[in-house]
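> what's the 3D shape of this:
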Amino acid sequence: MSQVIDRQRIAAEPSNVSGAADILTQDALDLVAELHERFDGRRRELLDRRLDRQAQFNAGHMPDFRADTREIRESDWTVGSIPADLLDRRVEITGPTNAKMVINALNSGARVFMADFEDATSPVWDELIQGQVNLRNYWRGRLGFTDPDSGKGYEVGENPAVLMVRPRGLHLPEDHVTVDYQPVAGAFFDFALYAWHNARAALAKGSGPYFYIPKLESMEEAALWSDIFALTENRLRLERGTIKATVLIETIPAAFEMDEILYALKENIVGLNCGRWDYIFSTIKRLGRSAERLTPDRSAMTMDKAFLAAYSLRLIATCHRRGAFAMGGMSAFIPVKGDAEANRAAMDKVRADKLREVTNGHDGTWVAHPALVPIALEAFEAMTGPNQFTKMPDRLPSREEMLELHKGQRTEQGARENIRVGVQYLAAWLGGKGAVPLYNLMEDAATAEISRAQLWQWLRFEALLNDGRRFNRELFDLLYDEEIGLLQEVPNIADASELFREMVVSDDFTEFLTLPAYERLG
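Numbers count the residues shown, from 1 in each chain. Next up, the predicted model:
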């Protein structure tokens, strides 16, 4: 068992990663400890409020715009200043923090690269530390990588993308770091270490400490991050508002508090993003506890219809009124090798998706693979400037439109796809990989969450499939056993299939798949 390093109030397990000592420093860990001591009780209370709100949804209440914050929504105000290197964000690429991925993303031609400690990363301790080492090396001009198999070398080019970092959500712990024997929040750890080691180096190079904040569900959670930013700026002797953040609107409660979230973070925030995959998951999780809210196959829930289209348009209108970026969603397609026609069809879907976004008024979009950057850039040539802050949708979608379910069939094929994708992703996650290519898509934790949430919902209400059968336990077990039987060569498949099945058949819905999965990480 590894020896624990004592740091006054804080203890961190050592890491075998080269350069770990430069990351797990006394001063950096002291900042983590201070964030924990100042804010962890508040973080836990906010997570409890999510469960209280869920109880209201279970009782039949539906999301609505808050009466107590009407003045914020109706009054005129704007967010703070936007740094020069963030004014053009028309294409952003996302991915994990390993050196090869970071270098390829920075060199991809995208305007921004979001290095992801969250849904695209399995939080294996050494991988997290290696990611922090890689980002620190980048700002110090020392990031390089040599492929051990091919011998090919990778270096950062002359015009890299602007670097942003996404820490983990507020719900995930970091068991390898404790304060008074209590694990710290993964969010606090990821954020504090990156900010401490890189904020001043980034500013010295004409950029800054830029972040993406995931999984928020309320104005109060945004206010918590505002206070975290303020404390960190103070400790680093930075002017208030130096840290800049974009918040992902990937939960349905947050979609009804977009003005409020911008207001709570107005010194630091520069925009909101349509986190479309997690938004589908959140909609099922929060509002799918009744037979009247059954969802169709995942493939039927597209961004041009129903609640997804409405929330995208409302995000654009809200952000542009407040002088903030309205970022579009992820395209998870990756090139289809060996099938030119299938690849052409996939790229056409990407092009149509990005043209829809720029036409609606989004200021930028996300892709998961460098090959998609030119396609997205071409679509966003429709913009006449670096962004579209002056463009407003023709109308503001109503509450009813924000809650409108997608129409479509529920099929055996949809259930099988959820099983295949969900279990294989979880198996990879347990093996230390958070971004996984499956069936010509780059999948992260959000897709696995949709898969198991939808299976849980269909099973709980024995949903009617298009062939007239009910999706009951007998049918689920039959399909599950058949699909898992075809995956026996996949590493970690036994643990993954057991855990995934438990979450689908359970009477209670697990808040996040990654919470029980984290307990099984090596």
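> Now the helix or strand containing residue 177: buried residues?
Using DSSP states H and E, residue 177 sits within strand 173-179. Within strand 173-179, the residues scored as buried using 16 or more other C-beta atoms under 10 Å are 173-174, 176-179. (C-beta placed from N, C-alpha, C; glycine too.)
> same check, this time on stretch 137-148
For stretch 137-148, by 16+ other C-beta under 10 Å, it's 137-139, 143, 145.
> what about residue 477, how many neighbours?
Neighbourhood size, residue 477 [other C-beta atoms under 10 Å]: 12.
> On the three-state scheme, it is what?
The three-state assignment at residue 477 reads helix, by DSSP: H, G, I helix; E, B strand; the rest coil.
> ok now do the residue nearest to residue 323 when sequence neighbours are not counted, which residues does it touch?
In this structure, residue 323 finds its nearest non-sequential neighbour in residue 78, 4.0 Å apart by C-beta to C-beta, 6 or more residues apart in numbering. Counting by C-beta atoms under 8 Å, 6 or more residues apart in numbering, residue 78 touches 266, 322-324.
> and the gap between residue 163 and residue 199?
12 Å (C-beta to C-beta, to the nearest Å).
> So those two - more neighbours on which side?
Counted by other C-beta under 10 Å, residue 163 and residue 199 do not tie: residue 163 has more neighbours, with 24 against 21.
> Could you give the average pLDDT over the helix or strand where the more buried one lies?
In this structure, residue 163 sits in strand 162-166 according to DSSP H and E. The average pLDDT within strand 162-166 is 98.
> Can you check what angle separates the longest helix along the chain from strand 173-179?
Criterion DSSP state H: the longest helix present in the chain is helix 26-58. In terms of direction (axes from the mean of the first three to the mean of the last three C-alpha atoms, to 10 degrees), helix 26-58 departs from strand 173-179 by 140 degrees.
> check contacts around the nearest residue to residue 155 once chain neighbours are set aside.
Residue nearest to residue 155 in three dimensions, not counting chain neighbours: residue 144, with 5.2 Å by C-beta to C-beta, 6+ apart. By C-beta under 8 Å, 6+ apart, residue 144 lies in contact with 99, 103, 153-156.
> Give me the pLDDT value at the residue lying closest to residue 31 once chain neighbours are set aside.
Nearest residue to residue 31, sequence neighbours excluded (C-beta to C-beta, 6+ apart): residue 192, at 4.5 Å. Note on residue 192: pLDDT of 98.
> Show the low-confidence segments of this structure, by residue range.
1-8, 522 (pLDDT under 70).
> about what we covered before: can I assume the residue nearest to residue 31 is in contact with residue 33?
No. With contacts defined as C-beta atoms under 8 Å, residue 192 does not count as touching residue 33, sitting 9.0 Å away.
> what about these two, which has more around it?
Between residue 192 and residue 33, counted using other C-beta under 10 Å, the more crowded position is residue 192 (26 against 23).
> tell me the contacts of the more buried one?
Applying C-beta under 8 Å, 6+ apart, the residues near residue 192 are 28, 31-32, 35, 232.
> out of the residues you listed, who's nearest residue 294?
Of all the contacts of residue 192, residue 35 has the smallest distance to residue 294: 41.0 Å, by C-beta to C-beta.
> what sits against residue 163?
106, 112-113, 115, 135, 138, 202, 207, 210.
> Just the ones of those in strands?
Using DSSP state E, the members of the contacts of residue 163 that fall in strands are 112-113, 115, 210.
> Please, where are all the helices along the stretch 401-522 of the chain?
For the stretch 401-522 of the chain, helices defined by DSSP state H, counting those that start in this stretch occupy the ranges 412-430, 445-460, 473-485, 493-505, 514-518.
> Identify each buried residue in the longest one, please.
Okay, so that is helix 412-430. Here helix 412-430 shows 414-415, 417-430 as buried, counting by 16+ other C-beta under 10 Å.
> Please enumerate the strands of the stretch 301-450 of the chain.
Taking DSSP state E, counting those that start in this stretch to define them, one finds strands in the stretch 301-450 of the chain at 325-331, 364-367, 436-438, 441-443.
> I'd like those as CSV, with distance to residue 282 appended.
Below are the strands of the stretch 301-450 of the chain laid out as CSV (distance: least, C-beta to C-beta, whole Å):
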stretch, distance to residue 282
strand 325-331, 14
strand 364-367, 18
strand 436-438, 21
strand 441-443, 17
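> With distance to residue 521 and mean neighbour count added, can I get those in CSV?
CSV is the format used below for those (distance: least, C-beta to C-beta, whole Å; neighbours: other C-beta atoms under 10 Å):
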stretch, distance to residue 521, mean neighbour count
strand 325-331, 25, 26
strand 364-367, 27, 27
strand 436-438, 15, 18
strand 441-443, 18, 21
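> Cool, thanks, talk later.
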